[in-house]
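Enquirer: Only the shape, not the letters, is given here:
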Ligand SMILES: [Zn+2]
């Protein structure tokens, strides 16, 4: 903590120690102090506090949000119950399609004035189905609190330089890392680059930055690392690579380690709800941010998954009084984990698996996450990038980026390897493309199913 204290910003001239922050800074630090305690609580204690907050959210949602009033109000009035966990887990799930169809009915008609101004953001999700999300100044405040917690968890040196390659930003430089840290700390600068920049240009830019920290979208990070290995481009000052907005698998972690000998720290966020889980400071798995939301991992029948099982991620927001989401199926799958040996009581997600549309469908009805590691096909032909698109239960299109067309023999060998990896002799056609789009749908996916139900 000593280093962090050195970076605290005092608001009173003539006082540098002990630091006297301004009002917003003091509020942020007070919340951080609570988060610092609650992370060590037992799961039972965390649930007890969640339930107290959940009851307020449910009552508010039913009384002021037309969608929830219609959906849950009758039951609420009939029993006038204050739900316990059992009742909560019987509430119906809300899908993204439900949310889209409901439009403004999801918006509270009586947002508490103390929660601050209404904020609005769009979420394209991975399905390409846009959803307008609303929050308040308060939900933004919580968003930033978990950003700050993530810095603390990973012991970052705030005096360092941060290089951020993100979607929808103007390239340039900011004096600080952003609002989450700027509220109470003095940090090094943050250099920004738009994600839609060509990978080689991104690497040249990164090399020129000599940054201590890099943050970018997960797949972009993998491409950067893989290309850096090819170019033997080192980033000697880099301490850590941070990622968000996608799946970080072993391929990504290995590539980053091989390229720059640093670890990847990933975070699991969604536009609709903010931080869902943060990577444990000691492990590659994730801790649910229980102070921000309730996360359930449910199997096909709606029952909670035991540790080791993969299920769908269902979330309930705890502080959004503008557009509360209750048992909302966010569209991701994750593997439930055992309690973490680090001692934090925050539940563990062992892996974030991806989206339903990243599941391979076999003709017999089974579905699984396909694996076709680069090591299996990289020697066949000079393929720079590969994506599989499942068109039907029998057909898969193999999209490749390569400097030339594949010979008939190469294409045949590639198909044979992929069929073997997928465990079924799908009909495959190889299609060479200039680029596999990453701009529109920034969560680049190696595998996409366009299979109709
Ligand atoms: Zn842990």
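Expert: Sure, I can see it. Since we're looking at a predicted model, the values are computed, not measured.

Enquirer: three-state assignment of residue 329?
Expert: strand (DSSP: H, G, I helix; E, B strand; the rest coil).

Enquirer: For it, give its distance to residue 290.
Expert: Here residue 329 is placed at a distance of 19 Å from residue 290 (Cβ to Cβ, to the nearest Å). The way it works is simple: take the backbone N, C-alpha and C, and place the C-beta from them, glycine included.

Enquirer: Equivalent analysis for residue 283, please.
Expert: From residue 283 over to residue 290 (counting by Cβ to Cβ), the distance is 17 Å.

Enquirer: Looking at the two, which is more packed in?
Expert: The neighbour comparison of residue 283 against residue 290 (other Cβ atoms under 10 Å) goes to residue 290, with 22 against 14.

Enquirer: Need the three-state assignment for the more buried one.
Expert: Under three-state DSSP, residue 290 falls in the coil class.

Enquirer: quick one: contacts for the closest residue to it other than its chain neighbours?
Expert: Closest residue to residue 290 apart from its sequence neighbours, by Cβ to Cβ, 6 or more residues apart in numbering: residue 46 at 4.8 Å. Neighbour list for residue 46: 38, 290, 291, 345, 346 [criterion: Cβ atoms under 8 Å, 6 or more residues apart in numbering].

Enquirer: now with 7 Å?
Expert: Residues near residue 46 by Cβ atoms under 7 Å, 6 or more residues apart in numbering: 38, 290, 345.

Enquirer: Retrieve the pLDDT associated with the first one.
Expert: Going back to what we said before, that points to residue 38. Predicted confidence (pLDDT) for residue 38: 98.

Enquirer: Same question for the second one.
Expert: Looking at residue 290, its pLDDT is 98.

Enquirer: Am I right that the residue nearest to residue 290 falls within a helix?
Expert: Yes - judged by three-state DSSP, residue 46 forms part of a helix.

Enquirer: Not counting sequence-adjacent ones, nearest residue to residue 422?
Expert: In space, and not counting its chain neighbours, residue 422 is closest to residue 370: 5.5 Å by Cβ to Cβ, 6+ apart.

Enquirer: So that neighbour, which state does it fall into?
Expert: Three-state assignment for residue 370 (three-state DSSP): coil.

Enquirer: shouldn't it be in contact with residue 423?
Expert: No - counting by Cβ atoms under 7 Å, residue 370 stays clear of residue 423, with 8.7 Å between them.

Enquirer: neighbour count winner among those two?
Expert: Between residue 370 and residue 423, counted using other Cβ under 10 Å, the more crowded position is residue 370 (19 against 13).

Enquirer: any idea how far the more buried one is from residue 118?
Expert: From residue 370 across to residue 118, the span is 41 Å (Cβ to Cβ).
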